[in-house]
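Visitor: pasting the sequence and the predicted coordinates here, then a few questions.
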Amino acid sequence: AQTVTQSQPEMSVQEAETVTLSCTYDTSESDYYLFWYKQPPSRQMILVIRQEAYKQQNATENRFSVNFQKAAKSFSLKISDSQLGDAAMYFCAYRREYGGATNKLIFGTGTLLAVQP
Amino acid sequence: GAVVSQHPSWVICKSGTSVKIECRSLDFQATTMFWYRQFPKQSLMLMATSNEGSKATYEQGVEKDKFLINHASLTLSTLTVTSAHPEDSSFYICSASVRGFYTEAFFGQGTRLTVV
């Protein structure tokens, strides 16, 4: 069975600084997707970034980028120029590729990010 | 991205009554819908997966007679918490997806259920 581990329950960053959130996963499959979701106090789940396992290039979305290490099964999220609005719970998630988005997501336990002004 | 609407946003019900939560995909036809439960400061726990026109697949430990899921159309799934008790109080989230069209599933805004 696939598992997703987030070893940092809480993190803190100063506004305008950079922070990296860690995520490791375990799977025997070769084709899959990895996601980072943000859940602000409103509790609406927001997709931050996705990575297809077959792509070697790390995904980037504006201030958000990932460091995807397939062999190490590591998928960290880097937030640059942190803003107060980045404060939220961040979840790393895995989904197998076969069957597409109709497959369930497997979530990590989350990292609560605080942004200090 | 696509829009998923969940209703109500919050509900308070008396112990022993049933409550229904709706999840609608507004601008796409969702072949698959997922229902999650989330406790404060915890991760999302998948309760069940429902495919349109077929019975829901429940995760281990989830009481199917307690949490009734119906996915009768491609745009609507409902979760009914039957004979609710205070321990059913939680945050419930749905998500919807369509095979082969979108890469990811889309989430509703969630429903906070309080059973008194």
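Guide: Thanks, I have the structure now. Note that the coordinates shown come from a computational prediction; the quantities given were computed from them, not determined experimentally.
Visitor: CA atoms for contacts and neighbours, from now on please.
Guide: Fine.
Visitor: the helix or strand of chain B with the lowest mean pLDDT pairs with which strands?
Guide: Within chain B, confidence by mean pLDDT, DSSP states H and E is lowest for strand B:67-73 among all helices and strands, at a mean of 91. Partners of strand B:67-73 in the sheet, by DSSP bridges, are strand B:76-81 (antiparallel).
Visitor: ok, residues contacting the partner strand?
Guide: Contacts of strand B:76-81 with the rest of the structure, by C-alpha atoms under 8 Å, 6 or more residues apart in numbering or on different chains, involve B:18-25, B:33, B:35, B:66-71.
Visitor: my guess is A:Lys73 meets A:Tyr25, correct?
Guide: Yes. Here A:Lys73 lies in contact with A:Tyr25, judged by C-alpha atoms under 8 Å, at a distance of 5.6 Å.
Visitor: between those two, which contacts overlap?
Guide: By C-alpha under 8 Å, 6+ apart, no residue touches both A:Lys73 and A:Tyr25.
Visitor: compare the contacts of strand B:76-81 and tell me which is most surrounded.
Guide: In terms of neighbour count, B:Met33 stands highest of these at 33 neighbours, by other C-alpha atoms under 10 Å in any protein chain shown.
Visitor: that residue belongs to a strand?
Guide: Yes. Assignment of B:Met33 by DSSP: H, G, I helix; E, B strand; the rest coil places it within a strand.
Visitor: so what's it closest to, chain neighbours aside?
Guide: Nearest residue to B:Met33, sequence neighbours excluded (C-alpha to C-alpha, 6 or more residues apart in numbering or on different chains): B:Ala96, at 4.3 Å.
Visitor: which helices and strands sit right next to the helix or strand encompassing the one you found?
Guide: Using DSSP states H and E, the secondary-structure element containing B:Ala96 is strand B:90-97. Strand B:90-97 is packed against strand B:4-7, strand B:19-25, strand B:32-38, strand B:106-107, strand B:111-115, with contacts defined by 3 or more C-alpha pairs under 8 Å, 6 or more residues apart in numbering or on different chains; DSSP states H and E.
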